[in-house]
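S.K.: here's my sequence, what's the structure:
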Amino acid sequence: MAKQNYNKLELTWIGKGEEPKLEPRILIENPEYSYGDPKSENMLIHGDNLLALKALEQDFTGKIKCIYIDPPYNTGSRINADGDDVGYDDGIEHSEWLSMMKPRLELLYKLLSIDGTLAVQIDDNEFARLYLLLDEIFKGSKNLKVVCVKMSEPTGPKMAHVLKSGLIPKLKEYIIVCQKNSIKNLWMERIPKGKWDTEYKTIVNGIDKSELENIKAFLDDEERNFEDLNEIEKLLNKVSFENSTSVCLRETGNPINDEWLFENAYRIVQFATLTGGARDLAVSKKHSFENIPGAFLVVTPQKKVYAIKGDFNHETALPRCKLLFADKYLTVHPGDFWQDIKTTGLDNEGGITFKKGKKPEALLKRIIKMSTNENDIVLDSFLGSGTTAAVAHKLKRKWIGIEMGPHYYSHSFPRLQNVVNGTDQQGITKEASWKGGGGFKSYILAPSLLNEDKYGNWIISKEYNAQMLASAVAKQEGFKYEPDEHVYWKQGMSSEKDFIFTTTQFITAELMDKIHDEMQSGESLLIACKSYQEGCENRHTNISIKKIPHMLMGRCEYGKDDYSFNIVNMPIDEDAEPWEPTEEAYIKPLKKTSKTESQPGLFDNE
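M.R.: Residues are numbered from 1 along each chain as shown. Down below sits the predicted model:
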């Protein structure tokens, strides 16, 4: 019998497997572009997004709940800062586009939490290849789901050419949704079937959304487990009811409207008529209570289950007491074909001009709300005009946005300023009841730790001060830079008792012995220095010593700041002055630690 070949089928291309070895850079706050609450954890990063993602890897692996990216579509189309077409080029080969995307997606996979969601928006040009690449990274199609989104209308000047030439107009794009352990736990907002039915006018209070969903799931499940009946009954006992008009005014300060009603349909009910034997069961059960609850269940002999308002009028023949939830009867699940989101007329959404390429805030709201809760972290590494960060901020999520181009300053930064100030009144502001607040910190990537001198030797960058050097070396070695306030050589740690000390001073055996005497039982230390006295190596079993920069050589690619390709998906203002960070931004020291006179500094004895 012939031996079977079990090699898996996979997408391959020229350059696959030749991904760069990335330098794990440190991030430096640029206070000139930080805004609002100084304690904010939101991050706006300017720099190459591949290097920025690598910089985030140490602190954020497995912590990001939702990632949305809108990468270059590789169409060859070029547009300026206002979104106008300014010409056409050939884009790049598919292999180069895949080589750009693969390392970025692999880093995003690492950053994504075990229950997190990645959503990648793309059009026809690279959809097929992107799907196969994500299938490989996320280990199978069971972890992927494709959503089609209507992004254009079959109207306007383009249709004249379409009709004349017999073409098919492009109206949709794709969002590939990815998770690590099959697609699940996405609580997608339901969308209106039609006009709001004014009979639905009562809010259910007293329990949260997840508890309401448990009640509805129990009522709808014909194969329900009756062992859960008591738990559902306990939830219903806690509810109270209030007029929706009052709730809307209290929560938003605005009069009630259809948009708010549909947004809150999950907790709005009407009381329908109950007849026959079910009515008799409800009346009997009501009389059995010493204290009438907010609501309760009745189960008919046919095993039908109804939720009943507790204080209904039992003296009428046709009492209106059966709870009907608005989201079940007035809304539908959008499924995998989203055609209800308005995608036209968004030129100035967010208070910035951007005619083409801007994604609707309503689209990002759906993606973020279906996959996160308040205070979860949302990331966009192709931030562009800043929509993802703006929506995450309004929805009270933490966020990280990365943008390399001038749009960081012309679009993302001013847009997010408007959100913090509360002056952005467009997009989802009204329905999110956003009034302003919060803030964000702006960061740049530190320059490469090592540079080549004129003789071809790799040396430590002169732009690095003491704290930057210690932080960068700690990161290279897998230590978290957290200087101890009292012990100078405890600059960073990889575990509770494993430390690193980086210095450019000459390390003597005497200094090494002194450090050893200060160390506690079970502690270990790595010393990274420019040079050291003979006899320091292996002097103490719990102290290792290495020379910089020699210890760093060969492990990654130094001196490269740009891993982008010549793909244009975002507008470029050809007339804009190039922005250059100030020297102060590059050398801003990290938080200093206290040091006694007897403690050597990082650059002592140079």
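S.K.: Lys209 versus Ser240, what's the distance?
M.R.: 16 Å (Cβ to Cβ, to the nearest Å). To be clear about C-beta, it is placed using only N, CA and C from the backbone, and glycine gets the same treatment.
S.K.: these two: who's more crowded?
M.R.: Ser240 (13 against 10; other Cβ atoms under 10 Å).
S.K.: got the phi and psi for that one?
M.R.: phi -140, psi 170 (degrees, to the nearest 10).
S.K.: and Thr503, by the same measure?
M.R.: According to degrees, to the nearest 10, Thr503 has phi -150, psi 150.
S.K.: correct me, but it touches Cys529?
M.R.: Yes. Proximity of Thr503 to Cys529 meets the contact threshold set by Cβ atoms under 8 Å, at 5.2 Å.
S.K.: between those two, point out the one with more neighbours.
M.R.: Thr503 (26 against 21).
S.K.: return the helix or strand in the chain with minimum mean pLDDT.
M.R.: helix 583-587 (a mean of 39; mean pLDDT, DSSP states H and E).
S.K.: can I get stretch 239-255 in PDB, CA atoms only?
M.R.: Extracted in PDB, the C-alpha atoms of stretch 239-255 (Å, rounded to 0.1, in the frame of the first residue of the first chain):
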ATOM      1  CA  VAL A 239     -37.400  43.100  37.900                       C
ATOM      2  CA  SER A 240     -39.300  46.300  38.000                       C
ATOM      3  CA  PHE A 241     -41.000  48.300  35.200                       C
ATOM      4  CA  GLU A 242     -40.700  51.900  34.200                       C
ATOM      5  CA  ASN A 243     -42.000  54.000  31.300                       C
ATOM      6  CA  SER A 244     -39.500  54.200  28.500                       C
ATOM      7  CA  THR A 245     -40.000  57.900  28.000                       C
ATOM      8  CA  SER A 246     -38.900  58.600  31.500                       C
ATOM      9  CA  VAL A 247     -35.900  56.300  31.300                       C
ATOM     10  CA  CYS A 248     -34.700  57.900  28.000                       C
ATOM     11  CA  LEU A 249     -35.000  61.400  29.400                       C
ATOM     12  CA  ARG A 250     -33.100  60.400  32.600                       C
ATOM     13  CA  GLU A 251     -30.300  58.600  30.800                       C
ATOM     14  CA  THR A 252     -29.700  60.800  27.900                       C
ATOM     15  CA  GLY A 253     -31.300  64.100  28.700                       C
ATOM     16  CA  ASN A 254     -33.100  64.000  25.400                       C
ATOM     17  CA  PRO A 255     -36.700  63.200  24.400                       C
END
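S.K.: any weak-confidence spans in the stretch 301-450 of the chain?
M.R.: 353-357 (pLDDT under 70).
S.K.: how about the helices of it, start to end?
M.R.: Ranges of helices in the stretch 301-450 of the chain, per DSSP state H, counting those that start in this stretch, are 326-330, 361-371, 387-394, 407, 413-421.
S.K.: next, format these as TSV and append mean neighbour count and distance to Glu518.
M.R.: Formatted as TSV, these follow (neighbours: other Cβ atoms under 10 Å; distance: least, Cβ to Cβ, whole Å):
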stretch	mean neighbour count	distance to Glu518
helix 326-330	19	64
helix 361-371	23	48
helix 387-394	29	45
helix 407	24	50
helix 413-421	21	46
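S.K.: ok, the longest strand along the chain: who's next to it in the sheet?
M.R.: For the chain, the strand that runs over the most residues, judged by DSSP state E, is strand 112-122. According to DSSP bridges, strand 112-122 forms sheet pairs with strand 64-69 (parallel), strand 172-178 (antiparallel).
S.K.: C-terminal to the last one, what's the next element?
M.R.: Toward the C-terminus, strand 172-178 is succeeded by strand 191-192 as the next helix or strand (DSSP states H and E).
S.K.: I'd like the mean pLDDT over that next one, please.
M.R.: Across strand 191-192, pLDDT averages out at 89.
S.K.: swap in stretch 150-164?
M.R.: 82.
S.K.: do stretch 11-20 as well
M.R.: 91.
S.K.: what about Asn185, how many neighbours?
M.R.: Count around Asn185 with other Cβ under 10 Å applied: 11.
S.K.: doesn't Asp115 make contact with it?
M.R.: Yes. Asn185 is within contact range of Asp115, at 6.7 Å (criterion: Cβ under 8 Å).
S.K.: contacting residues around the closest residue to Val162 other than its chain neighbours?
M.R.: Spatial nearest neighbour of Val162, chain neighbours left out: Pro169 (4.9 Å); criterion: Cβ to Cβ, 6 or more residues apart in numbering. The contact partners of Pro169, by Cβ atoms under 8 Å, 6 or more residues apart in numbering, come to Ser152, Pro154, Lys158, Met159, Val162.
S.K.: inside helices: which ones of those residues?
M.R.: Lys158, Met159, Val162 (DSSP state H).
S.K.: what about the last one, how many residues close to it?
M.R.: Under the neighbour criterion other Cβ under 10 Å, Val162 is assigned a count of 15.
S.K.: and for the second one?
M.R.: Counted by other Cβ under 10 Å, the residues lying close to Met159 total 13.
S.K.: distance check, it against Pro169.
M.R.: 7 Å.
S.K.: equivalent analysis for Val146, please.
M.R.: 20 Å.
S.K.: then Ala265?
M.R.: Taken as Cβ to Cβ, the span from Ala265 to Pro169 is 33 Å.
S.K.: what does Glu251 give?
M.R.: 42 Å.
S.K.: repeat that for Lys303.
M.R.: Relative to Pro169, Lys303 is positioned 51 Å away (Cβ to Cβ).
S.K.: now swap in Ile368 and tell me
M.R.: Distance from Ile368 to Pro169, by Cβ to Cβ: 29 Å.
S.K.: how about the strands in the stretch 1-150 of the chain?
M.R.: 27-29, 35-36, 43-46, 64-69, 77-79, 85-88, 112-122, 144-150 (DSSP state E, counting those that start in this stretch).
S.K.: any idea which of the ones you listed scores lowest on pLDDT?
M.R.: strand 85-88 (a mean of 42).
S.K.: okay, angle between the longest strand of the chain and helix 387-394 too, please.
M.R.: Angular relation of strand 112-122 and helix 387-394 on a 0 to 180 degree scale: 130 degrees, by axes from the mean of the first three to the mean of the last three Cα atoms, to 10 degrees.
S.K.: now do the residue lying closest to His161 once chain neighbours are set aside against Arg104, distance only.
M.R.: In this structure, His161 finds its nearest non-sequential neighbour in Leu167, 7.2 Å apart by Cβ to Cβ, 6+ apart. Separation of Leu167 from Arg104 (Cβ to Cβ): 33 Å.
S.K.: which one's more surrounded, these two?
M.R.: Arg104 (19 against 11).
S.K.: residues contacting the closest residue to the more buried one other than its chain neighbours?
M.R.: Spatial nearest neighbour of Arg104, excluding adjacent residues (Cβ to Cβ, 6+ apart): Leu50 at 5.6 Å. Shown in contact with Leu50 (Cβ under 8 Å, 6+ apart): Pro20, Leu22, Pro103, Arg104, Leu107, Tyr563, Ser564.
S.K.: wait, the fourth one sits on Leu53?
M.R.: Yes. Arg104 is in contact with Leu53 according to Cβ under 8 Å; the separation is 6.4 Å.
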